[in-house]
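>>> following is a predicted model, sequence given first.
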Amino acid sequence: MSVLPRLILLHKQKTSGRVRFLCFAAGILAFDPLPALAALRDEDYSPTVHFHPTAVVREAEVRLGLPEGAIEPEAEFAAWVDTATGDVPVLLAAFAAVDPPFEAAGRSHGRFIAITESRHLSDIERQLLRRAYEHVLG
């Protein structure tokens with residue numbers, strides 16, 4: 001069975017370094033939540049299949065009503081989640097604009113949150129945010 005990659009979208013302010021994540025009504029993963037009983041794989045997990053982020057990023061731009069190039073993939077980031085239907089890749093991408101696209105987020109019933117505002121998310125989503133945050137900050 002084929003599994004669709006999920007995408008974490010973030011904005012890093014170039015002047016201050018402030019990092020905010022786009023959070024949708026169902027969580028931080030664009031555009032579908034993970035199934036119940038999903039478990040985050042270890043960081044050193046090496047899958048047999050890899051996904052290139054370009055198509056996933058372009059789909060996100062279209063769904064958010066943004067022009068091509070508005071979201072840039074973070075090619076060095078990949079996390080894997082174990083589910084009953086197979087391993088699900090979680091990719092990371094950043095909004096390229098100086099400011100977060102608040103209007104696009106609102107149209108998608110989303111909002112930007114800091115990692116400190118993630119208490120309402122599931123444990124696995126908080127773990128994914130931590131990995132993404134550590135990756136972005138280096």
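Okay, I see it. Just so you know, these numbers come straight off a predicted model, no measurement behind them.

>>> what confidence value was assigned to residue 51?
In this model, residue 51 is scored at 73, pLDDT.

>>> and the longest helix along the chain, what's buried?
For the chain, the longest helix by residue count, based on DSSP state H, is helix 123-137. By 16 or more other CB atoms under 10 Å, the buried positions in helix 123-137 come out as 124, 125, 128, 129, 131, 132, 133, 135, 136. Where C-beta positions appear, they are placed from N, C-alpha and C, glycine not excepted.

>>> could you do stretch 30-37 as well?
30, 33, 34.

>>> just the ones in strands from those, please.
residue 30 (DSSP state E).

>>> how about the buried residues of stretch 30-37 in a markdown table, adding distance to residue 110 and pLDDT?
Below are the buried residues of stretch 30-37 laid out as a markdown table (distance: CB to CB, whole Å; pLDDT from 0 to 100):
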| residue | distance to residue 110 | pLDDT |
| --- | --- | --- |
| 30 | 9 | 94 |
| 33 | 13 | 89 |
| 34 | 17 | 90 |
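
>>> before we move on, the earlier item: which strands or helices does the longest helix of the chain pack on?
strand 6-12, strand 19-23, strand 39-40, strand 79-83, strand 86-95 (3 or more CB pairs under 8 Å, 6 or more residues apart in numbering; DSSP states H and E).

>>> do you know which of the ones you listed lies nearest residue 118?
strand 19-23 (7.6 Å; CB to CB).

>>> other residues contacting the closest one?
8-13, 28, 30, 95, 100, 105, 110-115, 118, 121, 129, 132-133, 136-137 (CB atoms under 8 Å, 6 or more residues apart in numbering).

>>> one step back: can I get the buried residues of stretch 30-37 in CSV with distance to residue 62?
Below are those laid out as CSV (distance: CB to CB, whole Å):
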residue, distance to residue 62
30, 11
33, 20
34, 22
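
>>> which one of the buried residues of stretch 30-37 is nearest to residue 79?
residue 34 (11.2 Å).

>>> got a list of what that closest one touches?
By CB under 8 Å, 6+ apart, the neighbours of residue 34 are 6, 27, 81, 83, 88, 122, 124, 125.

>>> what is the burial count for the fourth one?
Spelled out, it's residue 83. A count of nearby residues for residue 83, using other CB atoms under 10 Å, gives 16.
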